[in-house]
Structure formats: structure tokens, C-alpha cells
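Colleague: Model the structure of this input:
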Amino acid sequence: MNQQKLPNATAVLVLGIVSIITCCCYGVVGLIASIIGLVLAGKDLKLYKQNPGEYDNYSNLNTGRILCIIGLVLNILSIIYFIYVITVIGVDALSDPQLLQERIREIQGR
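Modeller: Numbers count the residues shown, from 1 in each chain. Here you go, the predicted model:
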């Protein structure tokens, strides 16, 4: 029996890895990569469930899907963190080092 490969399994795996690696880039790049990866994984998962014996790289798809979910969570947490920092410290303090040090001292209670 000649088994085929799922068409997007490798792409989902790569997008899952990219979404985890780029979670420190303000969360936007990784968030987009993880959402695209999850959409592609959903399409391939439907294809696999229709005829599971026809495809042989389901493990790559499943691993990529798990990585996309982890990347999605990390990127959402990263975005929440950056929003928190901007609201507590302020945008003006991020561009002025002295003001930033003053705001950090205020937060620490010194």
C-alpha cells in the first residue's frame, strides 16, 4: 500500500516552531504564525480523519499542532505582558531612560 504524506504537515510543524521562537517579538509575529498553523492543521486533520490509512506523516501534523497551541499561549501571554508594562510604566518612559528608572523605583517603593 502506497501511503501519501499530508500536504501541510511539514508547514504546520515549521509554523509551530516559528511561533514559539518568535514569542519574544512582541507576540504579534508568533501569534500570526500559530493561527495560520492551526488553520492548516485543521484542514489536514479533516483530511486524515476521512481516510487514516492513506497518510503516513500524522505524527508531524500532531507535533506541529501541539507546538502551534503552545506558541499561541506563549504569544498571548507575551502580548498581555507588554500591555501590562506599557500601562504601568507608560509609553513616554520607554523612550526616556531617566524617566524609566524613576518609574521603576516608584513601582519598587523606593
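Colleague: need the helix or strand of this structure with the lowest average pLDDT.
Modeller: The helix or strand of the chain with the lowest confidence, counting by mean pLDDT, DSSP states H and E, is helix 91-95 at a mean of 88.
Colleague: burial count for Leu72?
Modeller: Applying other Cβ atoms under 10 Å, we find 22 residues neighbouring Leu72. Heads up, the C-betas are built off the backbone N, CA and C, glycines and all.
Colleague: count of residues packed around the residue lying closest to Ile86 once chain neighbours are set aside?
Modeller: Closest residue in space to Ile86, ignoring its immediate chain neighbours: Leu94 at 7.4 Å, by Cβ to Cβ, 6 or more residues apart in numbering. Counted with other Cβ under 10 Å, residues neighbouring Leu94 total 13.
Colleague: so where do the helices sit in this protein?
Modeller: Using DSSP state H, the helices of the chain run over 9-21, 28-50, 58-89, 91-95, 97-108.
Colleague: what's the residue nearest to Ile36 when sequence neighbours are not counted in contact with, if anything?
Modeller: The spatially closest residue to Ile36, leaving aside those adjacent along the chain, is Leu15, at 5.8 Å (Cβ to Cβ, 6+ apart). Leu15 is in contact with 33-34, 36-37, 40, 64, 68, counting by Cβ atoms under 8 Å, 6 or more residues apart in numbering.
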